[in-house]
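>>> The sequence and its predicted three-dimensional model are supplied below.
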Amino acid sequence: MEQCIELLGQMHEQALQRMLVDALKNPPLEMPADHTGPEATQMFCLVVPVSVRCEFLRAISHASATGLSTAATQGRGLGGFVEAWRDYAQYGN
């Protein structure tokens, strides 16, 4: 989520950025007992209407299409970002 927050900031998408920042203020979802991954793999709940999910998808798609990156994605690009937001945008439809 931090990478998306950084991307949205670069694109001046403050409203979308704020939604993600607010989601991070809540406790992360419970990890399985055998999970050994780093803290960066924690997941948070984000419940927004389909129209807002589509706005996230539009913004992240634009970031990918224009070659934006974050400090952590400069070497590898945004592979998987658009797909993840597309899945979420289509969830429940």
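That came in fine, so what should we check first? Numbers count the residues shown, from 1 in each chain.
>>> ok, now which ones touch Leu16?
Listed by Cβ atoms under 8 Å, 6 or more residues apart in numbering, the contact set of Leu16 reads Leu8, Val52, Glu55, Phe56, Ala59. All C-beta atoms are positioned from the backbone trio N, CA, C, and that covers glycine.
>>> try it again with 6 Å
By Cβ atoms under 6 Å, 6 or more residues apart in numbering, the contact list for Leu16 reads Leu8, Phe56, Ala59.
>>> So how do I select the buried members of those residues in ChimeraX?
Buried subset of the contacts of Leu16, written as a ChimeraX selection, criterion 16 or more other Cβ atoms under 10 Å:
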select :8,56,59
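>>> a markdown table for the contacts of Leu16, including secondary structure and pLDDT?
Output for the contacts of Leu16, formatted as a markdown table (DSSP: H, G, I helix; E, B strand; the rest coil; pLDDT from 0 to 100):
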| residue | secondary structure | pLDDT |
| --- | --- | --- |
| Leu8 | helix | 97 |
| Phe56 | helix | 96 |
| Ala59 | helix | 97 |
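>>> Can you lay out the contacts of Leu16 as a markdown table showing distance to Gly75?
Below are the contacts of Leu16 laid out as a markdown table (distance: Cβ to Cβ, whole Å):
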| residue | distance to Gly75 |
| --- | --- |
| Leu8 | 21 |
| Phe56 | 24 |
| Ala59 | 22 |
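>>> Quick one: end-to-end length of stretch 38-50, please.
End-to-end distance for stretch 38-50, by Cα to Cα, to the nearest Å: 30 Å.
>>> repeat for stretch 18-30
Taking Cα to Cα as the criterion, the two ends of stretch 18-30 lie 23 Å apart.
>>> I would like the residues contacting it, please.
Stretch 18-30 is contacted from outside by Met1, Cys4, Ile5, Gln42, Met43, Phe44, Leu46, using Cβ under 6 Å, 6+ apart.
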